[in-house]
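Q: 3D, please:
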Amino acid sequence: MKFYRSFCCVFLWLMLCNGFVNAQSVFSGATGAIPDYPTDTCFTLSLANIFPAYIDTTFGLQKICLNIEHPSPQDLNIVLVAPDNSNVLISNQNGNGEEWEGVCFNMKAETSITTAEIFFNVEVLPEHNIGELNNGQLAAGLWQLCITDLVAGNAGTLKNWQLHFNFEAPNPASGTLKEVCTTNTTYGCACPDGGNNCFLLPDLIVDKTLTLQNFKEVTGAINFNTAISNIGFGPLEFYTSGNWYCGNTLLPNLARCENESWPKQLIKQRVYRKIPNQNTGFFDFDAGFMPYQTTQNLNNRAQITNWVENTIRIKGSDTNPLNWPIIVSAGKSAFCIENTLQCTESNMVCAYDEIIGSIKNLPNSRLGQNYVCNSDKTGIAVGYSHFDGQNVAGQKMQFSAATCNGTYFLVTEFDPDSIINELNEFNNVAAIEFQLNQQIDNCCTAEFSATHLKLNGSFISFEDLSTPIPNSWFWTFGDGNSANTQFPTNEYASPGEYTITLTTENELGCVNSISKTILVQDVEVSINDLLNDAAIEITLLSNKAIQLNLSAAKKVSINLLNIEGKFIESLSINEFHNKGTHTKKIPTLAAGIYLLQINIEGNYAFEKLILF
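A: Now for the predicted structure:
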């Protein structure tokens with residue numbers, strides 16, 4: 001069930017929903033020598049992944065801890081610089097003795113660094129409020145601890161320093177708070193429509209760049225990678241509900257079903273929401289079921305059954321790869337859904353439709369949590385990808401030992417059962433061309449099908465079904481006509497039996513032919529008969545438009561198709577037209593032969609359309 005089909009009035013629920021995770025993140029920076037006056041040194045700490053991604057009054061920098069060895073610490077000036085270049089003074093010429101060990105600067109401390117006398121395992125107030133750095137900035141980036149020795153004669157060593165991030169972080173005293181976008185504070189998040197009231201839905205795509213990277217092939221099988229990337233406006237987030245079902249019956253507690261089988265557990269998908277004048281909101285949708293796990297702690301980890309469906313196919317005439325002929329198929333469940341890869345312009349795992357999404361340019365990038373395999377909630381944050389390598393269970397596809405070497409397509413569909421609520425369900429498929437090289441050599445089979453198109457005349461559409469995919473075709477249609485395309489159409493002048501022959505050759509030099517006899521019959525209702533009966537005339541105008549001339553009011557639908565009968569565009573959708581003349585513009589198209597599919601109050605016919 002997709003999001004736009006699934007709900008109507010849930011807004012009151014959302015305003016009541018708030019939740020925080022009491023988890024601390026600690027990061028250590030680079031260490032080294034503190035040179036003597038007048039040189040200053042900045043020690044760096046590069047943060048890549050931290051969730052929530054933005055630091056503010058909800059979640060932010062809570063304290064900084066230092067271990068310093070120096071003959072005279074009171075000679076030192078210490079400043080912490082954040083990724084946005086904002087900075088706070090930690091200490092300026094304070095302390096005594098020769099070593100600071102376990103000195104932590106925390107805004108909740110009772111003693112200031114300016115008056116402290118003990119510098120061993122102690123918490124003190126910094127000279128300036130470290131909450132000034134919790135201004136809504138992105139925490140990921142370069143942090144610097146800059147230390148300057150202001151008095152000549154001594155040098156020392158920074159032995160260790162750590163930044164501690166947590167909830168209930170100190171506020172910036174200045175009140176200069178940037179708008180932030182986290183799962184706890186969504187008022188700074190962007191909505192798809194630019195508004196301020198929306199669900200922050202994920203949008204999942206199948207990455208093409210990593211799928212066949214270093215893929216393994218043996219006789220009768222291939223191993224490959226799968227990367228599912230989130231380019232949406234919110235995270236994909238799951239958790240286990242603790243609700244167990246036998247069929248459709250909810251159990252009061254975990255127990256075997258009447259038939260002695262184990263029950264299944266309901267999975268929930270959490271979708272966050274931006275709400276005016278609210279910190280955050282969310283709603284939990286049903287997201288299918290997972291089977292009981294004999295290892296008890298695994299029952300607390302969401303598993304998505306049929307996460308992806310992989311198929312090996314040959315290319316068909318349809319633009320949708322899911323309609324291409326299948327050689328072999330296999331589904332895969334996901335058990336550890338996590339932020340495996342960060343989307344960058346170089347790895348292109350978030351590239352879709354000529355747009356290269358990255359952690360730097362996606363709206364609401366990093367929105368989500370630090371999803372890892374063993375966390376209570378699993379998922380994919382915005383700008384991240386869940387990656388299953390070729391050695392992970394389910395990444396192997398087996399096929400017949402009689403399979404030929406040559407060209408095929410690996411087609412991967414994410415969420416084939418449509419259980420996940422997301423922004424766009426129409427970008428969940430990737431078709432990737434690849435070569436089999438360790439199967440049977442000099443092996444190919446020509447095959448095709450024929451479809452009668454009901455036109456004004458006898459048109460037959462032919463579809464190549466040869467395996468592996470050829471790179472050249474030669475058709476003879478039994479009436480003196482021929483073609484060398486993969487999916488041709490032939491117009492027969494008269495009914496009768498015709499022998500069709502297809503000869504194919506692939507890039508490995510394998511040649512094969514097949515012949516079939518088809519029966520071409522007259523069209524039962526000609527276009528002219530239908531139009532006469534319906535009291536309508538259709539004329540192609542010189543400005544690439546069609547003119548309808550109705551002698552009576554009618555409901556008319558007109559679709560524009562290519563010569564193979566594939567839909568291009570609707571010119572009229574069940575429109576009621578009064579008696580008289582009506583003009584329908586034809587979109588700009590390349591010169592060639594097209595078809596008009598005409599539906600006049602339930603009666604169908606086709607008209608050939610030639611554009612120059």
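Q: could you measure from Asn428 over to Gly281?
A: 26 Å (C-beta to C-beta, to the nearest Å). Quick note: C-beta positions are derived from backbone N, CA and C, even for glycine.
Q: typo on my end, it should be Glu117
A: Taking C-beta to C-beta, one finds Glu117 at 49 Å from Gly281.
Q: more neighbours: these two, which one.
A: A count of neighbours by other C-beta atoms under 10 Å puts Gly281 above the other of Glu117 and Gly281, at 22 against 9.
Q: how about the more buried one: which residues does it bridge to?
A: Beta-bridge pairing for Gly281 (DSSP bridges): Arg273.
Q: also the one 10 residues further on?
A: Counting by DSSP bridges, Pro291 forms beta bridges with Lys264.
Q: could you pull up the residues touching it?
A: 262, 264-265, 303, 305 (C-beta atoms under 8 Å, 6 or more residues apart in numbering).
Q: neighbours of Leu508, how many?
A: By other C-beta under 10 Å, 17 other residues sit near Leu508.
Q: correction: the previous question concerned Met290.
A: By other C-beta under 10 Å, 22 other residues sit near Met290.
Q: isn't Thr57 right up against Ala169?
A: Yes: if you go by C-beta atoms under 8 Å, Thr57 and Ala169 touch, sitting 6.7 Å apart.
Q: how close does Thr44 get to Val328?
A: Note on Thr44: its distance to Val328, by C-beta to C-beta, is 51 Å.
Q: more neighbours: which of those two?
A: Val328 (15 against 12).
Q: neighbours around the closest residue to the more buried one other than its chain neighbours, how many?
A: If you skip the residues right next to it in sequence, Val328 has Phe399 as its closest partner in space, 4.3 Å away by C-beta to C-beta, 6 or more residues apart in numbering. Number of residues near Phe399 (other C-beta under 10 Å) recorded here: 18.
Q: again, but for Thr451
A: Thr451 has 13 neighbours, counted by other C-beta under 10 Å.
Q: now do the contacts for it.
A: Neighbouring residues of Thr451 by C-beta under 8 Å, 6+ apart: 460-463, 565.
Q: quick one on the thing from earlier: save the contacts of Pro291 as CSV, and put in pLDDT too.
A: What follows is these, written out as CSV (pLDDT from 0 to 100):
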residue, pLDDT
Trp262, 94
Lys264, 94
Gln265, 94
Gln303, 87
Thr305, 87
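Q: put together TSV for these, with neighbour count and distance to Gly406 on each row.
A: Formatted as TSV, these follow (neighbours: other C-beta atoms under 10 Å; distance: C-beta to C-beta, whole Å):
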residue	neighbour count	distance to Gly406
Trp262	15	44
Lys264	18	42
Gln265	22	44
Gln303	22	36
Thr305	17	33
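Q: out of those, flag the one nearest to Val122.
A: Gln303 (46.8 Å; C-beta to C-beta).
Q: not counting sequence-adjacent ones, nearest residue to the closest one?
A: According to C-beta to C-beta, 6+ apart, the nearest residue to Gln303 is Met290 (4.1 Å).
Q: can you tell me how far that neighbour is from Thr226?
A: To Thr226, Met290 is 19 Å away according to C-beta to C-beta.
Q: same check, this time on Leu204
A: According to C-beta to C-beta, Leu204 and Thr226 sit 12 Å apart.
Q: same check, this time on Asp441
A: Distance from Asp441 to Thr226, by C-beta to C-beta: 29 Å.
Q: for the two, indicate the residue with more neighbours.
A: Thr226 (26 against 12).
Q: tell me the contacts of the more buried one?
A: By C-beta under 8 Å, 6+ apart, Thr226 lies in contact with 206, 211, 308, 310, 332, 387-388, 395, 412.
Q: at 6 Å instead, please
A: Listed by C-beta atoms under 6 Å, 6 or more residues apart in numbering, the contact set of Thr226 reads 308, 388.
Q: now do Val372
A: Residues near Val372 by C-beta under 6 Å, 6+ apart: Glu338.
Q: how close does it get to Gly60?
A: Applying C-beta to C-beta to Val372 and Gly60 gives a distance of 22 Å.
Q: what's the answer for Ala30, then?
A: According to C-beta to C-beta, Ala30 and Gly60 sit 22 Å apart.
Q: between the two, which is the more surrounded one?
A: Between Ala30 and Gly60, Gly60 has the larger neighbour count (other C-beta under 10 Å), namely 26 against 13.
Q: just to be sure, the more buried one is in a strand?
A: Yes: counting by DSSP: H, G, I helix; E, B strand; the rest coil, Gly60 is part of a strand.
Q: pLDDT score assigned to it?
A: With respect to pLDDT, Gly60 has a value of 92.
Q: again with Val525
A: 37.
Q: which helix or which strand is home to Pro480?
A: Just to correct that, residue 480 is Gly rather than Pro. Using DSSP states H and E, Gly480 sits in no helix or strand.
Q: and if you look at Thr211?
A: Of the helices and strands defined by DSSP H and E, none includes Thr211.
Q: and Thr57 and Ala169? which has more neighbours close in?
A: When Thr57 and Ala169 are compared for neighbours, Ala169 comes out ahead with 22 against 18, by other C-beta under 10 Å.
Q: from Lys585, how far off is the more buried one?
A: 60 Å.
Q: and if you look at Asn339?
A: Noted for Asn339: a distance of 48 Å to Lys585, by C-beta to C-beta.
Q: ok, now Pro235?
A: For Pro235, the distance to Lys585 equals 43 Å [C-beta to C-beta].
Q: same deal with Ala402?
A: To Lys585, Ala402 is 52 Å away according to C-beta to C-beta.
Q: with His452 instead?
A: Counting by C-beta to C-beta, the separation of His452 from Lys585 is 30 Å.
Q: give me the more crowded residue out of these two.
A: His452 (15 against 11).
Q: that one - that's part of a helix, no?
A: No: counting by three-state DSSP, His452 falls outside a helix, being strand.
Q: mind listing what's buried along stretch 357-368?
A: Across stretch 357-368, burial judged by 16 or more other C-beta atoms under 10 Å covers 357-359, 362-368.
Q: so which of those residues belong to strands?
A: Counting by DSSP state E, those place Gly357 in strands.
Q: any chance of the buried residues of stretch 357-368 in CSV, plus distance to Thr501 and pLDDT?
A: Below are those laid out as CSV (distance: C-beta to C-beta, whole Å; pLDDT from 0 to 100):
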residue, distance to Thr501, pLDDT
Gly357, 48, 85
Ser358, 51, 86
Ile359, 55, 83
Leu362, 52, 92
Pro363, 55, 91
Asn364, 57, 92
Ser365, 56, 88
Arg366, 59, 88
Leu367, 58, 91
Gly368, 57, 90
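Q: pass me the low-pLDDT residue ranges in the stretch 401-550 of the chain, would you?
A: Scanning the stretch 401-550 of the chain with the threshold set as pLDDT under 70 gives 453-457, 522-536, 542-543.
Q: ranges for the helices of it?
A: Here the stretch 401-550 of the chain has its helices, by DSSP state H, counting those that start in this stretch, at 527-534.
Q: number of nearby residues for Glu123?
A: Around Glu123 there are 17 other residues, counting by other C-beta under 10 Å.
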